[in-house]
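Novice: what's the 3D shape of this:
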Amino acid sequence: MGNSSRFTHSIPAALITVSMAMGQDFGPPQVITSNADYATGLYAADLDADGDMDALSASWLDDKIAWYENLGGGQFGPEQIISTQADFALAVHAADLDGDGDADVLSASRDDNKTAWYENLGGGVFGPQQVISTANEGARSLHATDLDGDGDPDVIVASEIDDEVAWYENLGGGSFGPQQIITLEADGPQTIYAADLDGDGDADVLSASRYDDKICWYKNVGAGNGLNGGSFGSPKIISTNANFAWSVYAIDLDGDLDLDVLSASQKDYKIAWYENKGNGKFGPEAVITKDAKGANCVSAADLDGDGDADVLSASDIDNDIAWYENVGAGNGVGGGAFTSKKIIFGSAYAAKTVFAVDLDGDSDPDVLSASSSDDKISWYENLMGGSSQCNVVFCDTDINNIGDVSLSGCDCTGGAIMLSLSTSFPNQFTYPLVGLGTTAVSPTGVSQLCLAGSTIGRYSKDAGAISGSGTFSIDLLNAASAPGGGVPTIGGALCNGNTWRFQYWHRAGMNPSRFSKGIAGLIY
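Specialist: Numbering: from 1, shown residues only. Below you'll find the model as predicted:
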């Protein structure tokens with residue numbers, strides 16, 4: 001297969017991370033619309049449930065929330081207006097708010113202090129505006145995630161006039177509870193984000209506020225699982241050195257499996273990151289660039305396919321959409337070192353927002369931008385080839401020292417996994433999918449299973465299905481039978497930037513403690 005990176009490795013109680021490295025560069029801008037009057041808000045989600053990512057925009061001079069259907073291969077249909085009742089619309093987001101399996105839309109609008117949602121009625125047809133709150137004075141940023149551990153996405157809003165970050169509990173079926181204040185101490189909050197920063201299993205909240213130059217986080221101290229979850233501690237300051245702090249994001253930049261923090265600040269033209277030292281303690285500012293003039297937005301994804309997260313920025317003085325390659329070694333050893341600014345496009349006039357998502361279905365993240373002075377939503381094809389987000393961790397299969405196991409090959413171009421067996425045993429070849437996430441797993445027990453907090457299921461081919469050097473494949477995006485009953489289901493895509501953990505072994509006969517040598521795993 002093309003762009004395959006081959007390796008053979010004997011595993012003595014260790015983890016192996018397999019990733020791909022390919023070419024570079026982005027294509028020219030492809031304009032989705034030039035009719036989003038002062039485009040500011042941007043998001044992508046599969047709104048019509050056809051398997052590809054559609055684009056969403058919020059534009060404030062026309063008070064408009066709109067979406068654009070992905071017709072396949074990165075071609076987009078015309079503007080479809082969801083609402084023109086969001087006065088000074090600044091932010092847009094998507095999540096399944098009513099639990100019916102499709103992505104609904106959220107908006108935040110500044111001049112009417114409004115947070116609202118729009119029900120997806122199916123196929124990307126949306127219902128009327130449903131107001132969650134008009135108590136967010138100067139609403140300008142929002143995010144949806146499960147804060148209280150009850151399994152549905154709650155809504156978080158930042159409002160710059162009342163210096164407030166607040167959240168609204170999803171009560172089920174698209175109904176929301178009253179405003180719950182996280183903080184009133186963020187002086188002009190511009191952006192919020194939610195992620196598990198301290199590794200305790202619940203979503204904490206981040207804010208960037210411009211008038212106090214602060215990047216802060218707020219610990220979720222609730223019990224989770226629907227039991228008093230969503231209570232937040234006082235602000236924990238990460239930095240007070242982000243001059244006119246405008247944007248914040250969280251992702252693992254140094255490969256140590258916790259979430260670091262990124263910031264963009266306008267007046268010092270700066271993109272910076274802050275290392276998570278564990279348990280939500282952060283290191284000092286590490287500057288990536290001071291050349292993002294009027295930095296408005298920061299985001300991150302593995303753009304070049306080498307297994308670590310690169311950084312994206314949008315800046316509205318120099319009109320740049322740019323990226324910064326992560327050249328650190330990863331795995332916590334020298335990770336998080338970045339190249340100088342690499343311009344994707346230098347004429348996105350008053351660039352406001354940038355977002356990484358696979359738009360053309362080739363399994364690498366393309367770049368999506370909103371620019372306000374030219375009213376455009378545009379995208380830029382990632383030309384680096386293959387899957388730039390293949391990150392597969394193989395768990396040790398020989399913790400009892402019964403026999404060595406070798407793995408060979410990783411090439412990621414879609415949502416399937418193929419395993420090759422290089423022994424002559426005609427029996428069962430099994431791989432349990434242990435989990436999807438960023439928490440490290442440890443092999444344990446005589447069953448040779450890698451145990452984690454969210455074991456999903458075991459996938460296998462029956463005896464006789466493979467022998468000698470035969471191969472088989474299974475689509476990870478579909479349900480498969482699980483020994484012991486049940487039908488585990490995997491959502492999303494194999495190459496979506498997360499880390500998937502598997503354990504491979506060949507069972508010789510019916511004794512699960514006998515393992516073969518020479519097992520090859522190929523992701524494609």
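Novice: can you pull the contacts of Ala194?
Specialist: Contact analysis of Ala194 by C-beta atoms under 8 Å, 6 or more residues apart in numbering lists His143, Thr145, Leu147, Ile156, Ala203, Asp204, Val205, Leu206. Where C-beta positions appear, they are placed from N, C-alpha and C, glycine not excepted.
Novice: Top of those residues by number of neighbours, please.
Specialist: Using other C-beta atoms under 10 Å as the neighbour criterion, Leu147 leads the contacts of Ala194 with 30 neighbours.
Novice: For the stretch 1-150 of the chain, give me the ranges with low pLDDT.
Specialist: In the predicted model, the stretch 1-150 of the chain carries pLDDT under 70 at residues 1-24.
Novice: switch the cut-off to 90
Specialist: 1-25, 51, 73-74, 101, 123-124, 149-150 (pLDDT under 90).
Novice: quick revisit: using TSV, lay out the contacts of Ala194 together with distance to Leu257.
Specialist: Formatted as TSV, those follow (distance: C-beta to C-beta, whole Å):
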residue	distance to Leu257
His143	22
Thr145	20
Leu147	22
Ile156	24
Ala203	17
Asp204	16
Val205	21
Leu206	18
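Novice: how about those residues, which pair is most distant?
Specialist: Taking C-beta to C-beta as the measure, these span a maximum distance of 13.0 Å, between Leu147 and Leu206.
Novice: Which ones among the contacts of Ala194 lie within strands?
Specialist: Judged by DSSP state E, the contacts of Ala194 include His143, Thr145, Ile156, Asp204, Val205, Leu206 as members of strands.
Novice: ranges for the strands of the stretch 51-200 of the chain?
Specialist: For the stretch 51-200 of the chain, the strands defined by DSSP state E, counting those that start in this stretch cover 54-59, 64-72, 75-83, 89-95, 104-109, 114-122, 125-133, 139-145, 154-159, 164-172, 175-183, 189-195.
Novice: Quick one: closest of these to Asp320.
Specialist: Nearest of the strands of the stretch 51-200 of the chain to Asp320, taken as C-beta to C-beta: strand 189-195 at 18.5 Å.
Novice: Partner strands of the closest one and their direction?
Specialist: Using DSSP bridges, the strands paired with strand 189-195 in its sheet are strand 204-209 (antiparallel).
Novice: Need the contact partners of the strand it pairs with.
Specialist: With contact meaning C-beta under 8 Å, 6+ apart, strand 204-209 is reached by 147, 156, 158, 163, 165, 167, 182-183, 186-198, 214-220, 232, 242, 245-248, 250, 261, 263-265, 280.
Novice: Give me the angle between that strand and strand 175-183.
Specialist: Orientation note: strand 204-209 sits at an angle of 60 degrees relative to strand 175-183 (axes from the mean of the first three to the mean of the last three C-alpha atoms, to 10 degrees).
Novice: Check which strands are paired with the helix or strand following strand 204-209 and give the direction for each one.
Specialist: Sequence order places strand 214-218 as the next helix or strand after strand 204-209, per DSSP states H and E. If you go by DSSP bridges, strand 214-218 pairs up with strand 204-209 (antiparallel), strand 236-239 (antiparallel).
Novice: Single out the most deeply packed of the ones you listed.
Specialist: Of all the strands paired with strand 214-218, strand 204-209 has the most neighbours on average by mean count of other C-beta atoms under 10 Å, namely a mean of 27.
Novice: Please export the C-alpha coordinates of that strand as PDB.
Specialist: Written as PDB, here are the backbone C-alpha positions of strand 204-209 (Å, rounded to 0.1, in the frame of the first residue of the first chain):
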ATOM      1  CA  ASP A 204     -12.900  21.300  33.200                       C
ATOM      2  CA  VAL A 205     -13.400  24.800  31.600                       C
ATOM      3  CA  LEU A 206     -10.800  27.200  30.100                       C
ATOM      4  CA  SER A 207     -11.100  30.900  29.400                       C
ATOM      5  CA  ALA A 208      -9.200  33.600  27.600                       C
ATOM      6  CA  SER A 209     -10.000  37.100  28.800                       C
END
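Novice: the inter-axis angle of that strand versus strand 139-145?
Specialist: Computed by the same axes, to 10 degrees, the angle between strand 204-209 and strand 139-145 is 160 degrees.
Novice: shouldn't Gly361 be in contact with Asp50?
Specialist: No. Look at Gly361 against Asp50 with C-beta atoms under 8 Å: they stay out of range, at 11.0 Å.
Novice: Distance-wise, check the residue nearest to Ile161 when sequence neighbours are not counted relative to Ala44.
Specialist: Using C-beta to C-beta, 6 or more residues apart in numbering and skipping the chain neighbours, the partner closest in space to Ile161 is Gly138 (3.3 Å). Taken as C-beta to C-beta, to the nearest Å, the spacing of Gly138 relative to Ala44 amounts to 26 Å.
Novice: And Trp379, by the same measure?
Specialist: Trp379 sits 9 Å away from Ala44, going by C-beta to C-beta.
Novice: what residues do the two have in common as contacts?
Specialist: Joint contacts of Trp379 and Ala44 (C-beta under 8 Å, 6+ apart) are Ala55, Leu359, Leu368.
Novice: And for Gln80, the neighbour number?
Specialist: By other C-beta under 10 Å, the residues close to Gln80 number 15.
Novice: count of residues packed around Lys290?
Specialist: Counted with other C-beta under 10 Å, residues neighbouring Lys290 total 14.
Novice: give me every residue that touches it.
Specialist: Contacts here follow C-beta under 8 Å, 6+ apart; on that basis Lys290 touches Asp268, Tyr269, Lys270.
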